[in-house]
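A.B. asks: Following is a predicted model, sequence given first.
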Amino acid sequence: MKPQKTQGKVVRKPWGEGQLTESPTVTVLRQILVALESAALLVDMQPRVIRNHTDYPFIFSDSPVVFYNSYYRNITDRGVLGLQTPGLQIFLPLTPKLQLMMFDPNVYTGPCLNGPFCEAINRPDVSHLNALQLHHSSQAVYFADPDDFNYVEELYKAHRSHFIKPQAEFRIRQDVLVRGEPSDGDILHTFEPQVNHNLSLSFVSCSPVSPRDFKFSCRSPEVVDEYRRLHPTRRRNQGTQPTDK
């Protein structure tokens, strides 16, 4: 069977506005391609498996991979979840008793530095990680044992008043540098804010950066340089920085 050809198109609107549309299949394939290429930007992060020793399970949502940044949690006027952003943390539940965590070893301290496993022996650690799933979910969360319903329900009730649906923010700015130089005009800046939850884990510590001390940087400039060398066309077409998200 001959593959069906799909392509995007621009729909023009009044007052100079426009909307770019494309096939959902093309959109998904594009996202998969970007994800595969961009994975190389995470090679400097440390992976850990969190082992749950409590009677609370790890739950997962319909959007289970959560990007977070405790180090930059006070920075709210720009994206701090880019693949090369200092302080990036990534969480993914694997089973009710296991969860993958990736983190920046240059800014985090504590037992997380001591080996391939982190031991969650306190209920608050598990509930904090489960809260990330609640805040990051689109419509649903899941758990394996029906006997855990009351726990999940109580956790949901405790957090629901703080839920803010994850969505990109769009701002017009004049204070952003372009290739190290001030821009002559407005910069259209879009980024994904962090989930509305103050994560606290007994096995991970850091000293959060204040907004006045924030400086734009990458975790590993050499990793970024190698990525740009391997994907020059993508960099030129997208015009994005690996530290923006």
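C.D. replies: Here it is on my side, so go on. Residues are numbered from 1 along each chain as shown.

A.B. asks: Pretty sure Glu226 sits in a helix.
C.D. replies: Yes - judged by DSSP: H, G, I helix; E, B strand; the rest coil, Glu226 forms part of a helix.

A.B. asks: mind checking pLDDT for it?
C.D. replies: In the predicted model, Glu226 carries a pLDDT score of 91.

A.B. asks: ok, now how distant is it from Cys218?
C.D. replies: The gap separating Glu226 from Cys218 is 12 Å, by Cβ to Cβ, to the nearest Å. All C-beta spots, glycine's among them, are computed from the backbone N, C-alpha and C.

A.B. asks: who has more neighbours, those two?
C.D. replies: A side-by-side neighbour count of Glu226 and Cys218, using other Cβ atoms under 10 Å, places Cys218 first with 19 against 14.

A.B. asks: Can you say which helix or strand has that one in it?
C.D. replies: If you go by DSSP states H and E, Cys218 is not part of any helix or strand.

A.B. asks: Ignoring the adjacent residues along the chain, who's closest to it?
C.D. replies: Spatial nearest neighbour of Cys218, excluding adjacent residues (Cβ to Cβ, 6 or more residues apart in numbering): Gln84 at 4.4 Å.

A.B. asks: Wait, the one you found touches Ser220, no?
C.D. replies: Yes - using Cβ atoms under 8 Å, Gln84 makes contact with Ser220 at a distance of 6.9 Å.

A.B. asks: neighbour count winner among these two?
C.D. replies: Counted by other Cβ under 10 Å, Gln84 and Ser220 do not tie: Gln84 has more neighbours, with 24 against 18.

A.B. asks: Show the model's pLDDT score for that one.
C.D. replies: As summarised for this prediction, Gln84 has a pLDDT of 95.

A.B. asks: Quick check: phi and psi on it?
C.D. replies: Comment: the main-chain dihedrals of Gln84 come out as phi -110, psi 20, following degrees, to the nearest 10.

A.B. asks: And the helices in this protein, which stretches?
C.D. replies: Across the chain, reading from the start of the chain, the helices by DSSP state H fall at 24-38, 123-136, 149-159, 221-230, 232-238.

A.B. asks: want to throw those helices into TSV with distance to Cys206?
C.D. replies: Shown next, in TSV, are these (distance: least, Cβ to Cβ, whole Å):
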stretch	distance to Cys206
helix 24-38	24
helix 123-136	15
helix 149-159	23
helix 221-230	21
helix 232-238	30
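
A.B. asks: The closest residue to Glu226 other than its chain neighbours and Asp147, how far apart?
C.D. replies: Setting aside the residues directly before and after it, Glu226 is nearest to Ala40 in space (Cβ to Cβ, 6+ apart), at 7.4 Å. Taken as Cβ to Cβ, the spacing of Ala40 relative to Asp147 amounts to 42 Å.

A.B. asks: Please name the residues that touch the residue positioned nearest the centre of the chain.
C.D. replies: The C-alpha lying nearest the average C-alpha coordinate of the chain belongs to Phe67 (Cα atoms, centre = their mean; 2.4 Å). With Cβ atoms under 8 Å, 6 or more residues apart in numbering as the criterion, the residues that contact Phe67 are 81, 88-90, 192, 245.
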